[in-house]
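**Q** from the sequence below, what's the structure:
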Amino acid sequence: MDDRIEKLKNLSNDKLLDVIKNYKRYNYPKTFQQESLRILNERGFSEDSIKLSGGHSNLRYEEAARIFNRFKWKGRIGIGLFFLSIFFYSNNDYLLQIMVNVIFLLVVVLMLNDRKEFFRTIKEEESDRSNLGYLITFLLSIPMFIIVYIVDRIELKNKLEQLP
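**A** Down below sits the predicted model:
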């Protein structure tokens, strides 16, 4: 780790600003951000000027990552509810199955909303999803929830990794 911090001293100012702004994205520890900030301070940049130029954090990436994590969390809940519904159906407990299915449908709607919010946050058009596309996805999500969830999760993860 010490060697990697020493390499920071050889980076240009633009690269150091990138490290400060995107250290989470690159899976760097917080010490990289702090050390890059210290090096820039030694080179004559004040912390206030770095913050004012927007170089201190990548808000769009952080917000998109937060929405993506919320999407994944709801997906895991949806998978659990999906199997719980199958379990109640096989035990002929229809009242519990109906209750679980209502909660499951709510989770699916919330996940679709997170997906829409994710694309709005990264300021990109959604792939092939109009209102009709959402209706079709919603109807397909019920019997094929796990497949739709995995495909959407992979797409959102790729979009998140491509953010500037």
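**Q** the longest helix in this structure is where?
**A** Using DSSP state H to define each element, the chain has its longest helix at helix 59-90.
**Q** over that helix, what's the mean pLDDT, rounded is fine.
**A** Mean per-residue pLDDT for helix 59-90: 90.
**Q** same thing with stretch 106-118?
**A** In the prediction, stretch 106-118 has an average pLDDT of 88.
**Q** same question, stretch 18-31
**A** Taken as a whole, stretch 18-31 has a mean pLDDT of 76.
**Q** off-centre distance for it?
**A** Relative to the chain's own centre, stretch 18-31 is displaced by 16 Å; criterion: Cα atoms, centre = their mean, to the nearest Å.
**Q** buried set for that stretch?
**A** Neighbour counts using 16 or more other Cβ atoms under 10 Å place 18, 19, 20, 21, 22, 23, 25, 28 of stretch 18-31 among the buried residues. (Each C-beta comes from the backbone N, C-alpha and C, glycine too.)
**Q** tell me the helices and strands packed up against the longest helix of the chain.
**A** If you count contacts as 3 or more Cβ pairs under 8 Å, 6 or more residues apart in numbering; DSSP states H and E, helix 59-90 packs onto helix 94-121, helix 145-161.
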